[in-house]
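Visitor: my questions concern the predicted model and sequence given below.
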Amino acid sequence: MSIGIILMGLLIGFLVGLTGVGGAALLTPVLILLGISPSIAVGTDLVYNSITKLFGSFQHWRQKTINLTLVKYLAIGSIPSAICAVGILHLFDSFFHNQEEVIKHALGYVLILVALTTLIKTFAKGQIEENSLQKKPLHEKRGLTIGIGVILGFIVGLTSIGSGSLFALAMLYLYRMSPSELVGTDIAHAFLLVTAAGFMHAGIGNVDYVLVMNLLMGSIPGVLIGSNLSSKFPAKPLRTIMAIIILISGVKLI
């Protein structure tokens, strides 16, 4: 048991509950900056995320706030793509021995993308006008949805980041859903995606299970505390600060 890691999990869980900013975008760069190898940080974060998203998915399933058809289309593209990303990483390590550098630089660019995405969601929320794609029925957007899954799933498999933030932004702009359904669908799909990618990383030895348990011991109570206090703090300034921190972390990793 590591008190330092538990406290870090507590802090990250608290910030996630307080701001709604994705935990992977906070946790993975922090682990790397603490000296943990990028491959272990990514694999560990995926397994940790799988466990946390399992509980969220179950809750939304009970509330009937998951669009199962959209989850299916996204998963058709994202899961094979994430598995391919992990396989390519393993090949890079076998032939070029530069897996850690590839992950580190990819993480930096994706963190910058996630930071910008967070800022867009923060300041554009409630101002997004209905567009022609939102008006189309889901079956007419099947190819587009699978394509989005392929692109973003590859990013998640490579970096562990984006299963929530990037997919949520895509759903916000392209599909007509209530806020609760958007969140539920996002979490349910993210659970399937990070679980598949986590299994792949576990298979090649990129998961520190003791680290996962220590993080969970801190983050679960942290999320509960942060969620309970979220209504008492202004959301926009907090999310903006978190986005800036993520942006700085991304720049440092490039």
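Guide: Looks like it came in fine. Numbers count the residues shown, from 1 in each chain.
Visitor: which intervals of the stretch 151-254 of the chain have sub-threshold pLDDT?
Guide: 230-231, 235 (pLDDT under 70).
Visitor: change it to 50
Guide: By pLDDT under 50, the stretch 151-254 of the chain contains no weakly predicted segment.
Visitor: next secondary structure after whichever strand or helix holds residue 169?
Guide: Secondary structure from DSSP states H and E places residue 169 in helix 165-174. Counting by DSSP H and E, the next helix or strand C-terminal to helix 165-174 is helix 179-203.
Visitor: got the angle for that following helix vs helix 165-174?
Guide: With axes from the mean of the first three to the mean of the last three Cα atoms, to 10 degrees applied, the angle from helix 179-203 to helix 165-174 works out at 150 degrees.
Visitor: which strands and helices lie in contact with helix 179-203?
Guide: Applying 3 or more Cβ pairs under 8 Å, 6 or more residues apart in numbering; DSSP states H and E, we find helix 179-203 packed against helix 38-62, helix 68-95, helix 142-159, helix 165-174. (Glycine included, C-beta is placed from N, CA and C.)
Visitor: give me that answer again for 6 Å
Guide: When contacts are defined as 3 or more Cβ pairs under 6 Å, 6 or more residues apart in numbering; DSSP states H and E, helix 179-203 packs onto helix 38-62, helix 68-95, helix 165-174.
Visitor: tell me what the first one is packed against?
Guide: Think helix 38-62. Against helix 38-62 (3+ Cβ pairs under 6 Å, 6+ apart) you get helix 23-33, helix 99-124, helix 179-203, helix 209-229.
Visitor: so which of those helices gets nearest residue 135?
Guide: Closest of the helices and strands packed on helix 38-62 to residue 135 is helix 179-203, at 16.4 Å (criterion: Cβ to Cβ).
Visitor: give the buried residues for the closest one.
Guide: Under the neighbour-count criterion of 16 or more other Cβ atoms under 10 Å, helix 179-203 has 181-201 buried.
Visitor: likewise for stretch 202-212?
Guide: Quick answer for stretch 202-212 (16+ other Cβ under 10 Å): 206-208, 211-212.
Visitor: and it, end to end?
Guide: For stretch 202-212, the first-to-last residue distance is 12 Å (Cα to Cα, to the nearest Å).
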